[in-house]
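Enquirer: quick one: sequence and predicted model below, then my questions.
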Amino acid sequence: MAARFVRYTPDIEDDDPHFDKNVQTVIEKTENYIAESVEAGGTGRALRDAHAKGYGLVRGEVEILDGLPPEYAQGIYATPGTHDALIRFSNGSPHAGADARLGAATGLALKMFDIPGPTLLEDEPDTGTFDYANINGPIFFCNTVEHYLFIQELFLNAPAYFSQGRPGAHRFFTEFVTGKGTLDQDNWAWDEFLAFLRLSKTPPANVLLSSYWTMGAVRHGDYIAKVRIIPDPSSAAAVIRRNIDPASAAEVFRPALEAELQERPYAFDLQVQLCTDLERMPVEDTTVEWPEQLSPSVTVAKLRLPRQDISGSENLAKMDSLSFTPWRVTAEHRPLGNIMRARKEVYRQSSIERHKLNQQPRTEPRSADEVLDPPHESQ
């Protein structure tokens, strides 16, 4: 029997009466952290409050496949074709520095060009760009904006906790579960804490060998989905630098990415997993992994990376000037759930503050060529 996919309706999202107030508090904390990071971050520049360290900006091409089943051929995926793209690979931490100090959480932020239709960002509706901001885990460790307030504070101050050894780690874990003492015992953040522990045990890997999820649910035209970007099996099999040891050098992720892309092209599959059961595949609970047995992920596009040289310092500078947000999408791909909804204004204000402090123009590129030169034919 064919799966019955849940239709999108606005009432699948919870209404949090304190949402606006809590988001404003998150924004204020984020802006303070970014301002302080100019001196405290060790780079002399304002850092992102998450995914602060980038590993490289890469040119790519997204081919939206022809002949998709109608449930998957939704929104931008209803029109087969090829789009230039830029990809930012990054560490998930809000801190910079040696890779060994930052953990194994990594991100893949994708920007596609020449996508028709207005975006959901009111201050830049007609950019023609479409973003994904994905992480290397199928779950996330925060379910509400109220909880994000204390989880964000813990993560921004994590080095201070863990520099104190086991006592500091114990205090970090205790304050995570108890909401820094604000939660009743019956409401301790166990689900979120266990999700955090699961993600923290992700082994370090070459960023080309990781899979990357949208973190929360998104609209997929008439349906509800999660989107992941997963290595193409034949490309993954060709990767030489498979074992990444962050303790072996200050920089390990970027050199491995540079070397692989200089030697061979690479490809990912962009896949959509449609929701079939809101109880077992929830929108508001990001700590729950959607079972593939209920609804397998289906490839809707190929993300191809040509051979290229990203080794220059100008690559890092160009990467630093870009912004990515899960809300730079068309209405048919709207992020869903309160945590995803909070990212809209938090990401926007974070980008504004960072660009202002770094004295960078905050303009969305109209093409990949505006940012990176096309790869040479000889490559």
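Expert: It's in.
Enquirer: after the biggest helix by length in the chain, next one along is what?
Expert: Longest helix in the chain, counting residues (DSSP state H): helix 19-40. The C-terminal neighbour of helix 19-40 among helices and strands, as given by DSSP states H and E, is strand 54-64.
Enquirer: quick one: strands adjacent to that following strand?
Expert: Applying DSSP bridges, strand 54-64 is found paired with strand 81-91 (antiparallel), strand 298-305 (antiparallel).
Enquirer: that strand: how far from the chain's middle?
Expert: 14 Å (CA atoms, centre = their mean, to the nearest Å).
Enquirer: please apply the same query to stretch 6-25.
Expert: For stretch 6-25, the distance to the chain centre is 20 Å (CA atoms, centre = their mean).
Enquirer: buried sites along it?
Expert: The neighbour-count check on stretch 6-25 (16 or more other CB atoms under 10 Å) flags 6, 8, 12-13, 16, 19, 22-23, 25 as buried. Heads up, the C-betas are built off the backbone N, CA and C, glycines and all.
Enquirer: do stretch 238-254 as well
Expert: So stretch 238-254, judged by 16+ other CB under 10 Å, has buried residues 239, 241, 244, 246, 252-254.
Enquirer: can you lay out the strands paired with strand 54-64 as JSON lines showing distance to residue 184?
Expert: Listed next are the strands paired with strand 54-64 as JSON lines, based on distance: least, CB to CB, whole Å:
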{"stretch": "strand 81-91", "distance to residue 184": "35"}
{"stretch": "strand 298-305", "distance to residue 184": "42"}
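Enquirer: with mean neighbour count added, can I get those in CSV?
Expert: Listed next are the strands paired with strand 54-64 as CSV, based on neighbours: other CB atoms under 10 Å:
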stretch, mean neighbour count
strand 81-91, 21
strand 298-305, 20
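Enquirer: what strand or helix carries residue 161?
Expert: Using DSSP H and E, residue 161 maps to helix 158-162.
Enquirer: in contact with residue 151, which residues?
Expert: For residue 151, the contacting residues are 141-142, 176, 189, 192, by CB atoms under 8 Å, 6 or more residues apart in numbering.
Enquirer: quick check, residue 208 in contact with residue 263.
Expert: No: in this structure residue 208 lies outside contact range of residue 263 using CB atoms under 8 Å: 11.5 Å.
Enquirer: higher neighbour count, those two?
Expert: residue 208 (24 against 14; other CB atoms under 10 Å).
Enquirer: for residue 53, give me the pLDDT.
Expert: In this prediction, residue 53 carries a pLDDT score of 94.
Enquirer: ok, it touching residue 94?
Expert: No: Residue 53 sits out of contact with residue 94 when judged by CB under 8 Å, with a separation of 9.4 Å.
Enquirer: isn't residue 54 right up against residue 90?
Expert: Yes: using CB under 8 Å, residue 54 is in contact with residue 90, at 4.7 Å.
Enquirer: figure out the helix or strand that residue 133 lives in.
Expert: Element membership of residue 133 [criterion: DSSP H and E] is strand 130-135.
Enquirer: helices or strands next to that strand in the packing?
Expert: Strand 130-135 makes packing contacts with strand 106-112, strand 212-213, strand 223-231 when contacts are defined by 3 or more CB pairs under 8 Å, 6 or more residues apart in numbering; DSSP states H and E.
Enquirer: give me the angle between that strand and strand 81-91.
Expert: 30 degrees (axes from the mean of the first three to the mean of the last three CA atoms, to 10 degrees).
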